[in-house]
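In: sequence? don't have it. structure:
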């Protein structure tokens, strides 16, 4: 079990899983059937995402060794060698590329390559020099749904796809900044520039709340794009919006000394909201279509 556990940590399995689910939403909202091509596409994307995540750990190993949250990852902990991690990441990336090339169209392959390039070639280094790297970097989270959409034969220039991509783009920003709020001293101690160096905790919390509100509004507007239309789906999203909003209001009311707990609670709430949107889409457009 230990080798499998190390592999799961090396490829950042929770992030890979969420990326794969978001790609599934893009595939499903085209109206394509949940046939054998969908699992094949998700397998290809999972290989690509896992390889990219493993390569990122190779790139960030020195920074990871300085942070409590990441110092137990396989590379800084010495559980896997640098050469082994690099070889594994390249193999996973190659498997993803080969599957996309053989079974899907060139546009989907191009989007996949762009995602890896942005993550490993741009964002990984940009976050070392700018506290605002997450704003352009959030585009990475918007591309898996686009890959799903094009893999199912959809046109890249489509209103439903634009709405879905915009939702996942916006969600990435409070997701990261809430994590930063919880661990800001670790990020700054590791040498990353952090936005909390330029804003008070009160001001930073209000900025995060504004982004959360934008994510919630975008989620409520998704039915206008036809992404989900059933009354039960809309009721679930509306209810989830109220829950997240109620919990996140504390961001603009809590005192500085109590903000870490508020950040952690809001982090779980906004991630739960994104997962709720994914599940609603999969069930309405896929399972119960």
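Out: Yep, it's here. On a predicted model such as this, the values are computed, not experimentally measured, just so you know.
In: where's the residue nearest to the spatial centre of the chain, which helix or strand?
Out: Taking Cα atoms, centre = their mean, the centroid of the chain lies closest to residue 141, which sits 4.7 Å from it. For residue 141, the host element (DSSP states H and E) is helix 139-151.
In: I'd like the mean pLDDT over that helix, please.
Out: For helix 139-151, mean pLDDT is 95.
In: for this protein, which helix or strand comes out least confident on mean pLDDT?
Out: helix 2-10 (a mean of 82; mean pLDDT, DSSP states H and E).
In: and that helix, what other elements does it pack with?
Out: helix 37-59, helix 82-103 (3 or more Cβ pairs under 8 Å, 6 or more residues apart in numbering; DSSP states H and E). Yep, even glycine has a C-beta here, placed from its N, CA and C like the rest.
In: domains for this structure, by residue range?
Out: The chain breaks down by automatic domain parsing into domains covering 1-154, 158-289.
In: ok, and what's touching the helix or strand in which residue 241 is found?
Out: For residue 241, the host element (DSSP H and E) is helix 231-248. Helix 231-248 is contacted from outside by 209, 212-213, 216, 219-220, 222-223, 228, 265-266, 269-270, 272-273, 276-277, 280, 283-284, using Cβ atoms under 8 Å, 6 or more residues apart in numbering.
In: could you identify the helix or strand that succeeds the helix holding residue 141?
Out: Heading C-terminal from helix 139-151 (DSSP H and E), you reach helix 159-190.
In: tilt between that following helix and helix 231-248?
Out: Between helix 159-190 and helix 231-248, the angle comes out at 20 degrees (axes from the mean of the first three to the mean of the last three Cα atoms, to 10 degrees).
In: show the average pLDDT along helix 159-190.
Out: For helix 159-190, the mean confidence score works out to 93.
In: buried residues in the following helix or strand past that helix?
Out: Note on helix 159-190: by DSSP H and E, the next helix or strand toward the C-terminus is helix 201-221. By 16 or more other Cβ atoms under 10 Å, the buried positions in helix 201-221 come out as 201, 204-205, 207-209, 211-216, 218-219.
In: what does stretch 111-130 give?
Out: 111, 112, 114, 115, 116, 118, 119, 120, 123, 124, 126, 127.
In: let me see the residues that make contact with it.
Out: Contact partners of stretch 111-130, identified using Cβ under 8 Å, 6+ apart, comprise 44-45, 48, 51-52, 55-56, 59-60, 63, 93, 96-97, 100, 133-134, 136-137, 139-140, 143-144, 146-147, 150, 191-193.
In: can you redo the buried residues of stretch 111-130 as CSV with secondary structure and distance to residue 254?
Out: As requested, those are exported to CSV (DSSP: H, G, I helix; E, B strand; the rest coil; distance: Cβ to Cβ, whole Å):
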residue, secondary structure, distance to residue 254
111, helix, 40
112, helix, 41
114, helix, 39
115, helix, 36
116, helix, 39
118, helix, 34
119, helix, 33
120, helix, 36
123, helix, 30
124, helix, 32
126, helix, 31
127, coil, 27
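In: save those residues as CSV, and put in pLDDT too.
Out: Below are the buried residues of stretch 111-130 laid out as CSV (pLDDT from 0 to 100):
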residue, pLDDT
111, 97
112, 97
114, 97
115, 96
116, 97
118, 96
119, 97
120, 96
123, 96
124, 94
126, 95
127, 94
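In: what about the chain, any weak spots by pLDDT?
Out: Low-confidence segments of the chain, defined by pLDDT under 70: 1, 33-34, 256-257, 288-289.
In: sorry, back to before: got a list of what the closest residue to the residue nearest to the centre of the chain other than its chain neighbours touches?
Out: Excluding its sequence neighbours, the residue lying closest to residue 141 (Cβ to Cβ, 6 or more residues apart in numbering) is residue 172, at 4.2 Å. For residue 172, the contact set (Cβ under 8 Å, 6+ apart) comprises 134, 137, 138, 140, 141, 142.
In: residue 195: neighbouring residues, count only.
Out: Residue 195 is flanked by 21 other residues according to other Cβ atoms under 10 Å.
In: so residue 89 versus residue 12, what's the distance?
Out: Distance of residue 89 to residue 12, computed by Cβ to Cβ, to the nearest Å: 11 Å.
In: who's more crowded, those two?
Out: Under the criterion of other Cβ under 10 Å, the comparison of residue 89 against residue 12 puts residue 89 first, with 23 against 19.
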